[in-house]
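Kindly generate the corresponding structure for this input.
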Amino acid sequence: MNRFVSLCLIFIALVASSVQGFAPSSLGGISGGSNFVVSQRPRAVQQPVARSNSKTSLQMGSQAKFGIFSPAVYAAKIALGNDKLNKIRGKAISLHSQYIGDFCEWAGAYHLRTRLIKKAKVNGDVLGFLV
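So this is what the prediction gives:
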């Protein structure tokens, strides 16, 4: 039994050592060098597409998507009322924006603050916080 296991391990070692994967070949492959250079073909430069304002504009609460937290928001609307919910939501958004600004200042990337706040609003919309 030990001899069989030893032979199996030697066979596996031989098979694994013959596989070269990404290892450089001593022969240099068909082209005599790296195959990486062959795969790098020049591509046509694409002009950036101008974005319309309708795609980049953020949606307000009445046009928000239904997400995973939407049922909780609807329940809060029923329990608290629209005015109270909007006050709580406004306070939460204000605090979150403030924390994003503090983080950007701490990280030395204050120029990214507005992008991160817009991203947070889009994420809140996708998750259903803005219904």
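
show me the contacts for Arg89.
Counting by CB atoms under 8 Å, 6 or more residues apart in numbering, Arg89 touches Phe129. Just so you know, the C-beta spots here come from the backbone N, C-alpha and C atoms, and that holds for glycine as well.

and the gap between it and Ala109?
27 Å (CB to CB, to the nearest Å).

Give the buried residues for whichever helix or strand Lys84 is part of.
Assigning secondary structure by DSSP states H and E places Lys84 in helix 82-107. Using 16 or more other CB atoms under 10 Å as the test for burial, helix 82-107 gives Leu85, Arg89, Ile93, Ser97, Ile100, Cys104.

pLDDT for the residues you listed - can I get that in TSV?
As requested, those are exported to TSV (pLDDT from 0 to 100):
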residue	pLDDT
Leu85	95
Arg89	94
Ile93	94
Ser97	95
Ile100	95
Cys104	95
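
Name the nearest of these relative to Val73.
Of all the buried residues of helix 82-107, Leu85 has the smallest distance to Val73: 7.6 Å, by CB to CB.

is it true that that closest one touches Ala76?
Yes. Counting by CB atoms under 8 Å, Ala76 is a contact partner of Leu85 at 5.3 Å.

Read off the pLDDT value for Arg3.
For Arg3, the pLDDT comes out at 74.

Name the helix or strand for it, please.
Going by DSSP H and E, Arg3 is in helix 2-18.

Distance-wise, check the residue lying closest to His111 once chain neighbours are set aside relative to Phe129.
Counting by CB to CB, 6 or more residues apart in numbering, Cys104 is the residue found nearest to His111 once chain neighbours are left out, at 7.9 Å. Remark: distance between Cys104 and Phe129 (CB to CB) = 21 Å.
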